[in-house]
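Chemist: curious how this folds, go ahead:
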Amino acid sequence: MKDEISGLGISQAALGAWLEDHVGGFADLRAVEKFGAGQSNPTYRLEAGSGTYVLRSKPPGKLLKSAHLVERDFRVMAALAGTDVPVPEVFALAADEASPTGRAFFVMEHLEGRIFWDPVLPELEVGGRRAYYDEMARVLAALHSVDVEAAGLGDYGKPGNYFARQTERWAGQYRASVEVPSAEFERIAAWLAERMPEDDGQVALVHGDYRLDNMMFAPHGARVIGLLDWELSTLGHPLADLAYQCFQWRLPHGGHMRGLAGKDRAALGLPTEEEYVAAYVAARGAEGVGDWTFYLVFSGFRLAAILQGVAARAKAGNASDPKGAMYGQLVPLLEGMIVGMLD
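Modeler: Residues are numbered from 1 along each chain as shown. From the prediction side, this is the model:
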């Protein structure tokens, strides 16, 4: 196709025509630029006479079942409009069967703010860093306090034990991404099955990928203006989000990982893991975190499956970022770390 936009399979003229038909007030598409960061779904900045927008699409090629569901991304952000959870405004969704590109995408508001990629927050003065962690804990507590029925999300997830279902799901995703599953991964999966907690009845909207670089802060000050990347969201157990974020901070700080392992948090002006968890628990009015080791192991197991999927897409040539291949090299290191946590 003449003048086809790289990765979208549609010309700028054709995309502009669709946008003018489906996004209220949209006019005069002038430029389309792909954001370089991100591994899951290709995302583009749209410059138009009517303003700046963001388009987020499924990637090209064969996709794993239940992966890259930008439709969920769109639905949940639309449902959260007007709640205490900051999200960009969403304008239009093109479902797979109606999309001019042949795969689903949606268009949303472009936010002006800051994204931080390093949990040390080196861009900030030491004395100002803790406020950003307090804000992350506050937003997470607000998310888990959303009345899902009132938000129209009562059917957004399946009933029953969230961790049992998720363990089965991510084990399947991992196994579909490799020729032979590693012995370490299978050992972790067996440990989770044996340690599986009873369903305690807690159900909340969970983000699924709650981390520092999936939120945008205001240009000045420690205020989140947009929590992004919702395609892994569902109804589930709130401690899954909390443990997932804390597990990432247990990773090394260096190479291709941006964790906090080995860092002197006090000297850096950051809360300890215990302090961060306590801030979340207090903000949400929760009772505690129960079997914290289980939740952390589960989070690492899930992260390993996600990274293996990214590596598989890169090998197949349909990852949003071709650098995704390097994540396959991190999976064995991650699995070894998790095995060391088992008791």
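Chemist: what sits up against stretch 86-99?
Modeler: Where contact means Cβ atoms under 8 Å, 6 or more residues apart in numbering, the residues beyond stretch 86-99 that reach it are 18-19, 22-24, 26, 53-54, 58, 71, 74, 77-78, 80-81, 100-111, 139, 224-228. Every residue, glycine included, has its C-beta placed from N, CA and C.
Chemist: rounded mean pLDDT for the strand or helix carrying residue 74, please.
Modeler: Secondary structure assignment for residue 74, by DSSP states H and E: helix 70-80. Helix 70-80 carries an average pLDDT of 94.
Chemist: who does that helix touch, helix- and strand-wise?
Modeler: When contacts are defined as 3 or more Cβ pairs under 8 Å, 6 or more residues apart in numbering; DSSP states H and E, helix 70-80 packs onto strand 51-57, strand 90-94, strand 105-109.
Chemist: and that helix, C-alpha only, in PDB?
Modeler: C-alpha atoms of helix 70-80 as PDB (Å, rounded to 0.1, in the frame of the first residue of the first chain):
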ATOM      1  CA  VAL A  70      -6.500  -3.600  23.500                       C
ATOM      2  CA  GLU A  71     -10.300  -3.900  23.600                       C
ATOM      3  CA  ARG A  72     -10.000  -4.400  27.300                       C
ATOM      4  CA  ASP A  73      -7.600  -1.500  27.500                       C
ATOM      5  CA  PHE A  74     -10.300   0.700  25.900                       C
ATOM      6  CA  ARG A  75     -13.200  -0.600  27.900                       C
ATOM      7  CA  VAL A  76     -11.600  -0.300  31.400                       C
ATOM      8  CA  MET A  77     -10.300   3.300  30.800                       C
ATOM      9  CA  ALA A  78     -13.800   4.300  29.500                       C
ATOM     10  CA  ALA A  79     -15.300   2.800  32.700                       C
ATOM     11  CA  LEU A  80     -12.900   4.500  35.000                       C
END
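Chemist: now that helix, how far from the centre of its chain.
Modeler: In terms of Cα atoms, centre = their mean, to the nearest Å, the centre of helix 70-80 is found 13 Å from the chain centre.
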